[in-house]
Structure formats: C-alpha cells, structure tokens
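Peer 1: Any chance you can model this:
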Amino acid sequence: MSRDGQTFWLDLAGRRLAGTWVTIRLRDAGSGGVGRFLLDAVSSGPDGSVVQNLPETAQGNDSFGWTGCLPGALLGLRLTPLSRDQSVSVSDLSIRRRRRPSLLLQAFLRQPTLTSKALYWRCLGLKVRARGFLARALGHRGETAYREWIRRFDTLHEADRRRLRREIAEWRDPPLLSVVMPVYDPAPRVLAAALRSVRRQIYPHWQLCLVDDASTDPAIPRLIARHAARDPRIRVLRRDENGHIARATNDAIAMAEGSHVAFLDHDDVLAETALYQVAAALRADPALDLVYSDEDKIDGRGRRFEPHFKSDYNRELLYGQNYINHLTVVRRETLLAVGGLRPGFEGSQDHDLLLRLSAGLDPARVRHIPKVLYHWRAAGGSGTFSDRALARAEAARLRALAEVVEPSGGRAERGPYGFNRLVRPVPQPSPLVSVIVPTRDRAELLAVALDGLLERTAYGPLEVVVVDNDSREPATRDLFARYANEPRVRIVRVPGGFNFSDLSNRGAAAARGSVLLFLNNDIEVVEEGWLRELVSIAVDPEVGAVGAKLLYPDGTLQHGGIVLGIGGVAGHSHLGLDGDDPGYFARMTLSQEVSGVTGACLAMRAGVFAQVGGFDAEHLAVAFNDVDLCLRVRQAGYRIVWTPHARLMHHESKSRGPEDTPEKRARFEAEIRVMHDRWEPQLRSDPFYNPNLSRVSAHFRL
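Peer 2: Residues are numbered from 1 along each chain as shown. This next block holds a predicted model:
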C-alpha cells in the first residue's frame with residue numbers, strides 16, 4: 001500500500017477482484033474501535049473515476065472489516081483519514097474472496113429477514129436488488145453490552161503499552177500536564193485508588209498537585225505522604241482550615257506548572273491512557289484550550305457501568321447540563337484568566353467554570369476525545385460535596401447560567417429533572433413569521449394544521465403560505481374558500497409532480513417574513529408557546545436553523561433531532577421513545593446543538609435560507625433535502641439547535657404515503673447516492689453523536 005500525503009492507496013488493477021464478493025480487514029493501531037478513516041473503492045467509468053464508499057465496522061482489538069461486492073472496473077482501494085489531526089496507522093490489510101454459501105450464512109445470522117429478501121429477489125432473477133439486500137444484511141451491526149464492549153474495544157494489552165511508550169519516547173518537547181486534586185476526608189481506600197491511577201499513567205510527563213483541605217481523618221495525610229515520598233511528581237499542600245472544594249482546587253491550580261490542568265476528584269480513577277490521549281491531542285493541536293473525554297462509573301468493587309458517550313463540543317447542551325464533566329483538561333493560562341473556580345458555587349463549581357470559560361470560546365479550541373478516560377465512583381464512602389448538597393448545587397447552576405446569558409437578555413429557569421433551561425428573548429417588535437405549508441388535498445389534515453396555527457398559537461405576527469400542489473378534492477376547495485378572507489393565509493398554486501424542495505422554495509419566495517417556518521401539512525399544534533420558543537432561537541445570529549420535538553399521535557417520539565450516518569444517511573434521535581422519557585443522559589429534555597432537524601418543522605431566518613441557496617429541488621426532491629440544507633447551513637458557519645420546549649404532533653406521511661412503488665424506490669435510492677457523494681465524511685462522523693455508539697439506530701446504544 002502506497003501513501004500520498006495523508007491518503008493511502010492500494011493498486012488492485014489486474015487482480016481479478018472486480019465484481020467479486022470479498023471481506024476486507026485491516027488494523028488501525030490506537031483507534032480503540034473508533035473509525036478514523038474512509039475506505040473507498042475506486043473504479044473507472046465513462047466520465048472518469050467512480051468512488052464507492054465501503055463502510056467498515058469495528059471488530060475489536062483495533063481491527064476493522066467490510067464484507068461486500070466490489071465494483072466492476074476496479075482500480076484500487078483508497079483510505080483517507082477523517083481528520084487532519086488524527087494519525088492513522090494502517091497494518092495487517094487483507095482481502096479474502098468469499099463464496100456464496102458462507103456469505104448467506106453470515107448474513108442470515110445478522111439479519112435473517114433481509115437475507116430472505118435477497119434470496120427471493122435472486123430467485124426472480126433480479127440480481128442487483130438481491131445484492132442490495134444481501135449487502136445491507138452483511139453490514140448490519142448488532143448492539144453490544146458494555147462489558148463486552150470493554151473487552152473488545154477498551155482493554156489494554158502489554159503490546160499496546162509497549163507501543164505507546166515507544167511512541168511517547170520519540171516525542172520532542174512533550175507537554176507537562178498538571179493533575180489537580182482537592183482532598184477532604186475520603187475513604188482511604190478510594191483515595192489510594194485515585195493516587196494509584198495517576199502514578200500508573202503510561203504518559204510519564206505529569207505532576208499531581210494535591211491539596212488536603214484540612215481532612216479530619218489522620219489516615220489521609222499519612223496516606224498522601226507515603227505516595228508523595230515514592231514519587232517526586234506529587235506535590236502536596238495542606239490547608240489549615242477547610243475552605244471547600246473551590247478554594248482547595250484553586251490552591252492546587254496555583255501549584256501547577258504544566259501547560260494544561262486536568263481535574264481529578266479524590267475518589268475517582270483515571271484510565272491508564274488518559275494523560276497520553278490528552279497529550280496526543282495537544283501535540284496534534286497546541287492551540288486547544290479545553291479537552292474532555294467520555295466517562296463511566298465504577299462501583300465499590302471497581303466494576304465499570306453506565307458509560308457516558310458524549311457529544312463533541314455542544315454549547316447549547318452545556319447551558320442545560322454539565323455534560324463535559326470528566327475528564328476535563330483546561331489550558332492553565334485560560335483557567336487563570338477566568339479566575340479559576342468560584343467559592344459560593346459549590347456542587348456546581350465545575351459547571352460554573354465551564355460556562356464562563358466557554359463564553360465566546362472558539363469551538364476550534366475545544367477537543368472531545370471519544371474514549372472512556374475517567375471512572376467516576378458511584379459507591380459510598382466517596383465523600384463528594386455535591387452528594388450532600390443537591391438543592392444548593394442546583395441553585396448554583398441556575399445562577400451560573402443566569403450570569404452568562406444576562407448580557408444577551410436571556411433568562412435561566414429550572415427545567416425538567418432540575419436541569420437548566422435557557423429562555424431567550426424575542427425581539428420587539430416581534431418578527432413576522434412566514435409559515436410555509438406544502439400540500440396536496442388531505443383537507444382534514446390541513447384544517448387541523450391551520451386551526452392550530454391561527455387559533456392555538458400564542459404568537460402574533462405570522463402569515464401562512466399554503467403551497468398547493470394540484471389539489472383537486474372538493475373538501476380542499478371548501479377549506480381554501482373558508483380562509484379566502486383571512487388576511488394571514490395565502491394560497492400559492494404550484495402545479496406539477498410532487499417535489500417537496502421546489503414547493504418549499506416557491507413558498508419561501510412568496511413569503512414576506514424575516515423568519516421562515518417550513519411546516520408539514522400533517523402537523524398538529526398541542527402547546528400554544530411552541531412558536532415563540534422556535535423564533536427566540538432562530539433569531540440568534542449564531543443559529544442557522546431550529547427544530548422542534550415532534551410526537552406521533554400515540555405519544556411516542558418522532559423527532560429528537562437528526563443524527564448523521566444512521567441507516568446509511570441519517571435518522572431521527574430516540575425514534576419511538578415514549579414522549580416523556582428523558583432519553584440518553586436526559587438528552588430529550590434539553591435544548592442542544594444537532595447536525596440537522598427535520599423539514600417537517602424547521603425554522604430559520606430568511607436571510608440564512610437565501611444565503612445557502614434553499615432546498616435542492618434538482619437532486620433531492622423528496623428525501624434528505626432537510627439534511628442537505630442543514631449541512632449547508634452548518635458549512636456556512638451557523639449552529640443548528642433542537643429544542644424540546646416546542647412540542648407538536650406529527651401525523652407523519654399520512655398526506656404523501658409510503659415509499660412503496662418502483663418509481664419512489666428508484667428516486668429514493670438516487671437521493672441516497674447524492675447524499676453519499678456530497679457528504680460522505682460528515683455522514684460518517686456526526687459531531688453530536690459519538691463514534692462508539694451504534695449506527696443501526698439513533699437510540700444511543702453500543
């Protein structure tokens with residue numbers, strides 16, 4: 001395999017692999033099962049080279065594999081890192097031809113239904129369709145229990161330790177990392193475990209700045225002294241009086257000499273590679289101000305459970321909860337510039353710090369490491385402050401958010417489950433909202449949508465632009481006649497075949513409002529404050545689009561934001577969850593940044609819509625046009641926000657019907673190809689999901 005810059009190339013011309021079923025395996029040492037590259041098959045076509053992505057799956061021990069049919073006229077395989085900052089170490093690449101019986105058995109064990117369909121179409125002689133079903137069955141990834149995930153993807157072997165130590169030894173000017181630990185009367189055994197976890201770090205360039213906050217148990221200073229005597233990298237200060245966690249941590253920060261400061265509680269445990277992963281991230285990008293990782297919990301026996309696989313930097317989510325939490329590493333100069341931790345915010349002192357630190361922080365200076373580097377002790381005897389003062393911690397968290405958002409006119413309120421809720425102001429006078437509703441007949445649905453907009457929505461200046469696509473039923477004519485004298489309703493006639501993108505663009509062209517709201521004709525209003533919530537977010541200059549929480553009529557969740565890569569292109573977060581369920585780490589109760597929101601209810605400023613060119617009516621007439629629009633909005637530098645505080649009911653697909661004809665299926669498959677050709681790297685790496693989680697569905701499972 002040759003290498004051209006960051007891209008790897010394997011020439012396969014003349015190897016007689018074109019059009020054959022194969023299994024490709026390779027190893028990326030140090031990946032931990034997180035895909036860091038795109039694997040493509042390149043073939044020749046009439047208009048030049050043709051690229052087909054081969055979506056590999058993690059198989060454990062840093063190995064990845066793909067099974068499928070290689071394209072005809074194959075030239076070779078191309079492997080491209082997903083990020084310039086990531087080093088990919090490819091080895092042990094193999095390509096094995098597969099026979100049909102073994103493929104069918106493997107596919108049947110993964111997805112018997114899809115395999116049966118593949119056999120059915122093969123018997124009818126439709127080979128292309130049969131190959132498609134077989135490829136989907138072979139590509140299915142089942143969910144994994146956490147204990148099995150640890151065994152396959154998060155277990156360090158001695159060979160890995162040797163490899164990492166060799167790598168570190170070759171680094172020039174490795175960064176010094178200062179670990180700060182305030183200590184106050186933990187159980188000696190848990191403090192000993194915390195200290196051992198620091199001393200056992202594979203990365204050797206650290207110092208531990210430990211402050212004993214006047215512990216009353218005489219065993220604590222003796223234990224600290226023993227460890228400090230054995231390792232000169234441990235620096236110790238004992239306070240004469242207890243100052244609580246903020247003052248003790250600030251004293252530890254004052255002792256720090258490293259470029260970056262890592263926070264460690266006195267009862268928690270660092271993963272063996274924690275500081276190595278942080279140092280590697282800082283070497284790849286020395287400008288980073290904030291680095292954080294995934295985490296899990298440990299019980300009294302040290303057994304790991306309840307992993308938190310986090311979003312990349314998500315300021316909107318941080319307003320509501322301290323999802324960053326552990327492991328947190330901050331540039332020392334930045335930490336000192338914001339004044340460190342603030343006394344008076346005990347229990348939420350970390351959240352307060354992160355809110356102040358991230359205010360105005362360039363997202364490019366934040367790095368999320370999608371690896372479990374911190375084990376948070378959930379057993380008794382830890383003596384953590386927040387466990388003893390939950391109510392005070394909640395009040396401190398609200399006060400911290402209120403201070404940060406006050407300059408922009410925002411307000412902090414207590415949200416569901418005690419989390420924060422940011423309430424943004426609506427400009428005065430309130431902007432005109434143009435609600436664009438494409439429709440074709442189904443008057444009974446449209447009547448409900450119009451009644452909700454005009455009679456049950458607590459927002460004044462709005463107009464409804466109904467884009468009529470060849471409605472012919474008498475009930476629809478009667479409905480239009482009923483609203484003929486309603487000044488807030490206009491009917492725009494657009495005859496021709498159904499093209500949601502074109503209909504929406506025509507509606508936007510006819511709209512007069514500075515805020516556009518694209519709304520399906522099968523949406524039902526259930527709460528009067530929904531539009532005010534959407535507008536308050538949409539007018540934020542940093543926000544390009546905003547979506548709502550949509551429920552099915554049975555009360556289950558239809559839309560919790562769009563997650564890229566689910567099912568190949570994109571899927572809805574927490575689809576089918578009970579509407580009142582908080583979701584994965586309460587994600588469905590918190591406003592958050594997402595990669596996209598559904599066009600069934602999508603609000604954005606008219607200027608942003610014009611800037612990115614509207615919906616793609618030429619290539620994405622029906623499916624994925626909302627995903628494509630949102631990706632272009634993000635590409636233009638705007639954030640996209642989903643809010644659970646605007647709830648609506650969605651009678652999905654009742655007006656258009658399912659994708660159940662050959663013509664609709666062909667169009668759908670063509671739109672899938674457009675999305676892959678245009679957005680493949682983004683579809684493979686949704687920054688607000690997590691690469692450790694399953695892409696079969698967006699239920700945040702392994």
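
Peer 1: tell me the SS of residue 517?
Peer 2: Classification of residue 517 by DSSP: H, G, I helix; E, B strand; the rest coil places it in strand.

Peer 1: count of neighbours near it?
Peer 2: Other residues within reach of residue 517 by the criterion other CB atoms under 10 Å amount to 25. Every residue, glycine included, has its C-beta placed from N, CA and C.

Peer 1: can you check residue 166 too?
Peer 2: Applying the criterion other CB under 10 Å, we find 9 residues in the vicinity of residue 166.

Peer 1: So it lies in a helix, does it not?
Peer 2: Yes: using three-state DSSP, the secondary structure at residue 166 is a helix.

Peer 1: Tell me the pLDDT of residue 289.
Peer 2: The model reports residue 289 with a pLDDT of 97.

Peer 1: Check whether it really touches residue 361, as I assumed.
Peer 2: Yes: between residue 289 and residue 361 a contact is recorded at 6.4 Å, counting by CB atoms under 8 Å.

Peer 1: ok, these two, which is more surrounded?
Peer 2: Using other CB under 10 Å as the criterion, residue 289 and residue 361 rank with residue 289 on top: 20 against 16.

Peer 1: for that one, what are its contacts?
Peer 2: Applying CB atoms under 8 Å, 6 or more residues apart in numbering to residue 289 gives the contacts 330, 331, 334, 357, 361, 365, 366.

Peer 1: Tell me which helix or strand comes right after the helix or strand of the chain with the lowest mean pLDDT.
Peer 2: For the chain, the helix or strand with the lowest mean confidence is helix 385-388, at a mean of 46 (criterion: mean pLDDT, DSSP states H and E). Counting by DSSP states H and E, the next helix or strand C-terminal to helix 385-388 is helix 390-405.

Peer 1: For residue 255, see how far away residue 575 is.
Peer 2: 49 Å (CB to CB, to the nearest Å).

Peer 1: I meant residue 23, not that one.
Peer 2: Between residue 23 and residue 255 the distance is 54 Å, computed by CB to CB.

Peer 1: and the helix of greatest length in the chain, what does it pack onto?
Peer 2: Residue-count comparison of every helix in the chain, with assignments taken from DSSP state H, identifies helix 662-683 as the longest. If you count contacts as 3 or more CB pairs under 8 Å, 6 or more residues apart in numbering; DSSP states H and E, helix 662-683 packs onto strand 562-564, helix 625-635.

Peer 1: which of these is buried the deepest?
Peer 2: Comparing the helices and strands packed on helix 662-683 by mean neighbour count (mean count of other CB atoms under 10 Å), strand 562-564 comes out on top with a mean of 26.

Peer 1: and it, what's its mean pLDDT?
Peer 2: Model confidence over strand 562-564, given as mean pLDDT, is 96.

Peer 1: next one: it to chain centre, how far?
Peer 2: Mean C-alpha position of strand 562-564 versus that of the full chain (CA atoms, centre = their mean, to the nearest Å) differs by 8 Å.

Peer 1: That strand packs against which elements?
Peer 2: Under the contact criterion of 3+ CB pairs under 8 Å, 6+ apart, the helices and strands touching strand 562-564 comprise strand 570-572, helix 625-635, helix 662-683.

Peer 1: ok, now with 6 Å
Peer 2: strand 570-572 (3 or more CB pairs under 6 Å, 6 or more residues apart in numbering; DSSP states H and E).
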